[in-house]
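In: Pasted the sequence and its predicted model underneath.
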Amino acid sequence: MNIVIITGASSGIGREFAVKMDQGFHCIDEFWLVARSRDKLEELAGTLKHNARIFALDITDRRKLTDLEDAVFRHKAIVRMLINCAGYGIMGTFCEHDRELELGMIRLNCEALTEVTHRMIPYMREGSRILQMASAAAFLPQPDFAVYAATKSYVLSFARALGEELKAAGIYVTAVCPGPVDTPFFDIAERDTSALALKKYTMVSVDKVVVKALKDSLRGHSMSVYGLSMKSCQLLSRILPHSVILEAMNRMKKMG
């Protein structure tokens, strides 16, 4: 049985991956949808043409991840795609945030993503693919988004290194690095503060990010960056000292 596993499938980018892949990936037998909200997963599963198996669990709970891995083993499933979308971000000054929220970002965005990946690779075959949800925030440090940007920098570095390691096995890894995307993400991220207006001006639709990510994965690209503005940001982060970019960001923040 060929399966796709999507974490964070109940909303936002994870949900959009399921919707888009349901339209064209006929070689897949089942979608395995992973998130904490059973109601949202059931609603999504009801809209899909493919068979969908629901795993309403918290991937930061290792016992639950063992249940997921056991299910893959019992069903003799081949993981054709692993799409790690589970994650969250909190904007605002680091010292003023709840410590558990900050540590929770590290546990979910980094540790759980790493463990899910490690557990699923043995069930992959040549031609399997991994998409790791990073962010354009990974390109440089982000004041008032410090921990989130650091976690996504980890995801980007991990994905690119892992892709090199898995080349010989014919398994492709793509780090997806969108800028601001029109999803419920900012409902959580902006709980205590607002994003720079620049981020709102560069916001893009989720379907465009997902379509490009799938195309880039199928082409074997190590990164997927949607849009001219984010590609420019990536380029600037390579050629300019980060201190110069951070100073410019501080000035824009003061100007509102």
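Out: Received the coordinates, thanks. Residues are numbered from 1 along each chain as shown.
In: Next up, the contacts around residue 31.
Out: When contacts are counted by CB atoms under 8 Å, 6 or more residues apart in numbering, residue 31 is found next to 3-4, 6, 9, 18, 21-22, 45, 48, 50-53. The way it works is simple: take the backbone N, C-alpha and C, and place the C-beta from them, glycine included.
In: how much space between it and residue 13?
Out: For residue 31, the distance to residue 13 (CB to CB, to the nearest Å) stands at 15 Å.
In: and the spatially closest residue to residue 4 that is not a sequence neighbour, how many neighbours?
Out: Distance criterion CB to CB, 6 or more residues apart in numbering; nearest residue to residue 4, sequence neighbours excluded, is residue 81 at 4.4 Å. By the measure other CB atoms under 10 Å, the count of residues near residue 81 is 24.
In: same check, this time on residue 238
Out: 9.
In: Pull out the buried residues from the helix or strand containing it.
Out: Under DSSP states H and E, the secondary-structure element containing residue 238 is helix 228-239. Judged by neighbour count using 16 or more other CB atoms under 10 Å, the buried positions of helix 228-239 are 229-230, 233-234, 237.
In: right, and the secondary structure at the residue nearest to residue 4 would be what?
Out: Under the three-state scheme (DSSP: H, G, I helix; E, B strand; the rest coil), the conformation of residue 81 reads as strand.
In: check contacts around it.
Out: 4-5, 21, 28, 128-131, 217.
In: Out of the residues you listed, name the ones that lie in helices.
Out: When those are checked against helices using DSSP state H, the ones located there are 21, 217.
In: Among the contacts of residue 81, which ones are in strands?
Out: Cross-referencing the contacts of residue 81 with the strands (criterion: DSSP state E) gives 4-5, 129-131 as the overlap.
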